[in-house]
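# predicted coordinates and the sequence they were generated for:
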Amino acid sequence: MAEYRDIVVIGAGIAGMTAAIYAARAGKSVQVLECEGFGGQIASSPRVENYPGIAAVSGAELSDAMYSQASALGVSFSFARASGVQPQPDGGFLVPSDGGDFACRSVVLAAGAHHKGLGLAREQELTGRGISYCAVCDGAFYRGKTAAVVGGGSAALQSAEYLCGVCDKVVLIHRRDSFRGEAALAGRVTANPNLTLMLDSVVTEYLGGDRLDGLLVENRKTGARTRVPVDGVFLSVGQAPGNGPFAPPVELDEAGYVKAGEDCRTNVPGLFAAGDCRAKAVRQLTTAAADGTVAAVAACAWADAHPAG
């Protein structure tokens with residue numbers, strides 16, 4: 001038999017935990033389902049400097065603080081993977097998961113997004129054997145060694161900055177001639193003496209046997225190919241939303257993001273989308289928290305207007 005909660009939040013990133021905090025403070029019983037790690041992607045960030053009122057904090061510290069705050073308010077957390085959302089005739093929902101099924105009056109979908117790979121041969125085989133996606137998680141394995149970072153956004157720059165403090169040498173590979181990340185961050189990172197830049201360049205092949213020991217890198221302008229010896233590579237080339245299990249009934253755009261505006265309302269009445277899983281122009285901590293707030297207030301209003309029978 002399904003357990004009952006007023007509101008189920010799918011995902012425990014910044015958006016999901018913000019929604020849980022607001023809903024719990026409104027007196028609602030709240031269940032959060034998370035299948036990977038509490039805090040979402042920000043938990044792996046070594047230094048957060050753009051959250052208002054906090055000059056600097058690690059992503060792990062911020063995530064732990066939000067988790068503790070939500071737990072103290074009575075929010076229930078389960079390390080479980082939600083496998084769908086099923087609207088019910090009475091206006092409520094059933095949310096099945098591998099940790100049990102939950103009945104609720106409203107759902108906040110905050111499924112976030114996951115890291116993309118390069119799509120090259122042996123990528124899956126070498127993941128964990130030289131290929132990684134989290135510099136904070138795995139950077140210590142390359143202390144005193146050579147690591148590469150692939151990407152040009154803020155996440156890639158943060159990874160490179162962290163690794164510059166750990167590795168003897170860091171190679172930053174980006175397919176364009178300028179970075180998409182914050183200008184201040186880019187300036188700070190590229191000033192590191194142990195950083196080597198390879199711009200206008202793409203990785204075309206992973207080299208090595210049982211473990212990665214190098215990359216074949218091609219310059220997009222000249223066509224020249226260079227073998228770059230590395231002990232590990234950290235991929236930071238974008239994200240894909242985790243909305244697959246929820247469509248249908250949730251409507252997604254061509255990129256797989258939930259079609260929902262700034263009011264966080266989806267095509268399913270009573271189901272709201274928040275954070276990186278939602279189609280929007282800006283994905284930052286502050287916009288995730290804002291989404292969580294908006295979605296929670298709307299979910300509480302729906303639950304009040306459609307009480308359990």
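The structure has been received and is ready for your questions.

# from here on, just use CA atoms for contacts and neighbour counts.
Will do.

# so which residues of the stretch 101-250 of the chain form strands?
Across the stretch 101-250 of the chain, reading from the start of the chain, the strands by DSSP state E, counting those that start in this stretch fall at 102-104, 106-109, 113-115, 131-132, 146-150, 169-173, 195-198, 201-208, 212-219, 225-229, 232-235, 239-241.

# out of those strands, which gets the lowest mean score?
Lowest mean pLDDT within the strands of the stretch 101-250 of the chain: strand 113-115, at a mean of 82.

# now for that one, which elements pack on it?
Strand 113-115 sits against strand 239-241, with contacts defined as 3 or more C-alpha pairs under 8 Å, 6 or more residues apart in numbering; DSSP states H and E.

# residues of the lowest-mean-pLDDT helix or strand in the chain that come out buried?
The weakest-scoring helix or strand in the chain, judged by mean pLDDT, DSSP states H and E, is helix 135-138 (a mean of 80). Along helix 135-138, the positions that meet the burial threshold by neighbour count (16 or more other C-alpha atoms under 10 Å) are 135, 136, 138.

# shouldn't the last one be in contact with residue 130?
No. Look at residue 138 against residue 130 with C-alpha atoms under 8 Å: they stay out of range, at 9.7 Å.

# hang on, the earlier thing: figure out which of the strands of the stretch 101-250 of the chain is closest to residue 121.
With distances scored as C-alpha to C-alpha, the stretch of the strands of the stretch 101-250 of the chain nearest to residue 121 is strand 201-208 (7.3 Å).

# list phi and psi for residue 176.
Listed backbone geometry of residue 176 is phi -110, psi 180, with angles given as degrees, to the nearest 10.

# which residues does the nearest residue to it once chain neighbours are set aside contact?
Residue nearest to residue 176 in three dimensions, not counting chain neighbours: residue 200, with 4.5 Å by C-alpha to C-alpha, 6 or more residues apart in numbering. Contacts here follow C-alpha atoms under 8 Å, 6 or more residues apart in numbering; on that basis residue 200 touches 174, 175, 176, 177, 219, 220, 221.

# which of those residues has the most neighbours?
When neighbours are taken as other C-alpha atoms under 10 Å, the top entry among these is residue 174 (25 neighbours).

# just the helices in the stretch 201-309 of the chain please.
Read by DSSP state H, counting those that start in this stretch, the stretch 201-309 of the chain holds these helices, from start to end of the chain: 285-305.
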